[in-house]
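[1] sequence first, predicted model second:
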Amino acid sequence: MTAAGAHSSPENPTASYIEESVEWLQAAAAPWSPSPSRCLVADFGLCQLYRYPALVDTDTSTSTIAARNVLFIVYAMVNTASILDLRDKLSIIQRLQWLGLTIYLMEWVPPQSSQSNIGLAEYLEQSLHRCVEKACQDSAADRLNLMGVCQGGVFSLCYAAMYPERVRSLVPVVTPINFHTENDTLSRWVRYVPLDELMVSGMNIPGQMLAQVFIMLKPMSLSVKKYLDIAKRSRQGTEDAEIAETFMAMEQWIHNTPDQPAACFKDFVEKFYQQNALYHSSLHLAGRAVDLRQPNIPTLNIYAKNDHLVPPESSKALQELIPAHCYHSLEIPTGHIGMFVSQKSLNYVPQAIADFIRQV
């Protein structure tokens, strides 16, 4: 008989397989590295411009790159553009390269405290406009096909309205247009953020604070559930190295949320989320009217059917603003991030983009 109160604790199987799965995942963690084919074209301080050359030569009759084979990508300031080139088999950029497109990617540089007072209009002038001009020079193209992702899609649409002579076609992807749709949880939150209380002289908006906001939109599935799911896979013996490497690459991307330039962030929230100025055609930047009804630029609007960050209704509102003969759309049965990492999307979206810009 054992001593009073003494007993052997039964093994906790749940804790055991979670510990095992943690070891499995930690072993798969590796720093992100971009495609070896990319090279730096220009560094403008606020942003950097990279070129990813086509991996298939489609311009055999000339030494220059045909405009139909050049795609300029504008990503959002939130998170990083590495999601577009996450891993060898999960890279929408690589898929586009293999379709014969030369890609120019504008990457935002995390802001310094000295840049906290730069507003949205100045940011776009000093970054996006300069990168487009440089990409035109580098590719010998007069106009570019612009693909914008989420907030970057908003930037690309604004740019096209301000500089239509530089834009050949537009491909906004998971891009919000009407920021006041009924099922837009993020918008309902952001509309009532006391922006002045967030603004501290010489300080930017912490990226980790924004990361937590995005997680709280789907707290269970974006936190507890995904860890239990991956632990379950480990327990079932499906410890495939590729599964673990992809999971950890996604985790690193999710939590690598750079700080946001304070004045630019404030301008964006006020003009788009609070005033809904883009949708109401009342937006002005750098003294220019930003009216999407004016430029006649062929547009392929790609949105995700199950998007919890940018509801489909928000993206589809673009059809109300762009001339009918210029508007084309494509709905993909995936979520916001699935647009760039799900195999179904990767097997279809890059080809649709390539076909569209070559038919313009």
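    That came through fine.
[2] for residue 336, helix, strand, or coil?
    Recorded secondary structure, residue 336: coil (DSSP: H, G, I helix; E, B strand; the rest coil).
[3] that one contacts residue 314, doesn't it?
    No. Taking CB atoms under 8 Å as the definition, residue 336 is not a contact partner of residue 314, at 11.5 Å. Using the backbone N, CA and C atoms, a C-beta is placed for each residue, glycine as well.
[4] which stretches of the stretch 101-250 of the chain have low pLDDT?
    For the stretch 101-250 of the chain, the stretches with pLDDT under 70 are 217, 219-224, 227-228, 231-239.
[5] just the helices from it, written as ranges.
    Using DSSP state H, counting those that start in this stretch, the helices assigned to the stretch 101-250 of the chain run over residues 120-124, 130-139, 151-162, 185-190, 195-198, 207-217, 225-235, 241-255.
[6] please identify the most buried of those helices.
    Among those, ranked by average contacts under mean count of other CB atoms under 10 Å, first place goes to helix 151-162 (a mean of 25).
[7] before we move on, back to that, which of residue 336 and residue 314 has more residues huddled nearby?
    Each of residue 336 and residue 314 has its neighbours counted (other CB atoms under 10 Å); residue 314 has more, 25 against 19.
[8] give me the element that one is part of.
    Following DSSP states H and E, one finds residue 314 within helix 312-316.
[9] what is that helix packed up against?
    Helix 312-316 sits against strand 299-304, with contacts defined as 3 or more CB pairs under 8 Å, 6 or more residues apart in numbering; DSSP states H and E.
[10] please repeat the previous calculation with a cut-off of 10 Å.
    When contacts are defined as 3 or more CB pairs under 10 Å, 6 or more residues apart in numbering; DSSP states H and E, helix 312-316 packs onto strand 299-304, strand 327-332.
[11] and the first one, what other elements does it pack with?
    This points to strand 299-304. strand 144-149, helix 151-162, strand 167-173, helix 312-316, strand 327-332, helix 338-341, helix 343-359.
[12] overlap of the contact sets of residue 336 and residue 314?
    Taking CB atoms under 10 Å, 6 or more residues apart in numbering as the contact rule, residue 336 and residue 314 both touch 174, 303, 307.
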